[in-house]
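**Q** build me a structure from this.
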Amino acid sequence: MIESRFWKDDLLRYAKQFRPVAMPSRWSEKLVVNFEKDVVLAFFMVRKLWESGKFSSETKLHKLKVLRCPNTIAANAMNYWDIDAIYDLTNEQPISKGVTFICNQFIHGRAIFAYREEDRNWGGLYTCSDFERQKYIYRIPLSEIITLLEIAGNDYPSMTRMTFNPDINDYDIETD
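**A** Next comes the predicted model:
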């Protein structure tokens, strides 16, 4: 990846697209699937840009305020979709998590469930990676997703330093 501008423009487009509107569309399976797909793609793009060294410390150090719900029974291939039965959704614990952790929840997650607010706008998503599914499911408010996409979409580092690391036979990339 040489030029990140086009990727970051897409992140800003997603942030705008996810914003609440006065008259949200009525529920349909296609609407839910496309929303979930767009969120996963946005987080994949953030992770790709991250791994390509295209963010400054502003994005790298950003923490999202999310809520986690503890697991109550084993999550598996036959029940992962039934989050009400697997997780105690009434026992939300507010926590802060870094960008890569949240990206991994979407990229490696089997369980991804969008939810709406009373005004029918998207409220956010529940998700957990295969590594976390036996511990917690995370509720990520849409406002936190939009904030991250705006930070990442507007993040253009002014300095990049590459230092060869013989232990990994590659370069460590540091940005401002």
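**Q** okay, CA-based contacts and neighbour counts for the rest of this
**A** OK.
**Q** what pLDDT does the closest residue to residue 176 other than its chain neighbours get?
**A** Computed as C-alpha to C-alpha, 6 or more residues apart in numbering, the closest residue to residue 176 that is not its neighbour in sequence is residue 56, at 5.1 Å. At residue 56, the pLDDT value in this model is 91.
**Q** tell me how far residue 172 lies from residue 104.
**A** Residue 172 sits 21 Å away from residue 104, taking C-alpha to C-alpha, to the nearest Å as the criterion.
**Q** so for these two, which sits in the more crowded spot?
**A** For residue 172 against residue 104, the residue with the higher neighbour count under other C-alpha atoms under 10 Å is residue 104, and the figures read 20 against 13.
**Q** burial count for the closest residue to that one other than its chain neighbours?
**A** Ranked by C-alpha to C-alpha, 6+ apart and with sequence neighbours excluded, the top spatial neighbour of residue 104 is residue 129, at 6.6 Å. When neighbours are defined as other C-alpha under 10 Å, residue 129 has 22 of them.
**Q** and the pLDDT at residue 129?
**A** For residue 129, the pLDDT comes out at 95.
**Q** mind listing what it touches?
**A** With contact set as C-alpha atoms under 8 Å, 6 or more residues apart in numbering, residue 129 has these partners: 104-111.
**Q** would CSV of these with secondary structure, distance to residue 166 and pLDDT be doable?
**A** Output for the contacts of residue 129, formatted as CSV (DSSP: H, G, I helix; E, B strand; the rest coil; distance: C-alpha to C-alpha, whole Å; pLDDT from 0 to 100):
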residue, secondary structure, distance to residue 166, pLDDT
104, helix, 27, 96
105, helix, 31, 96
106, helix, 32, 95
107, helix, 30, 94
108, coil, 30, 93
109, strand, 34, 87
110, strand, 37, 85
111, strand, 39, 86
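**Q** check which helices and strands the worst-scoring helix or strand of the chain on mean pLDDT is in contact with.
**A** Of all helical and strand segments in the chain, the minimum by mean pLDDT, DSSP states H and E falls on strand 170-175, at a mean of 85. Using 3 or more C-alpha pairs under 8 Å, 6 or more residues apart in numbering; DSSP states H and E as the contact criterion, the secondary-structure elements in contact with strand 170-175 are strand 160-165.
**Q** can I get the strand it packs on as CSV, trimmed to CA atoms?
**A** The C-alpha atoms that make up strand 160-165 are tabulated as CSV, following Å, rounded to 0.1, in the frame of the first residue of the first chain:
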residue,chain,number,x,y,z
THR,A,160,7.8,7.8,9.6
ARG,A,161,11.0,6.1,10.9
MET,A,162,12.0,2.6,9.9
THR,A,163,14.6,0.8,11.9
PHE,A,164,15.9,-2.7,11.0
ASN,A,165,15.1,-5.3,13.6
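**Q** for the longest helix anywhere in the chain, the distance to its chain's centre please.
**A** Taking residue count as the measure and DSSP state H as the definition, the longest helix of the chain comes out as helix 29-51. Offset of helix 29-51 from its chain centre (C-alpha atoms, centre = their mean, to the nearest Å): 8 Å.
**Q** having no further points to raise, I will conclude here.
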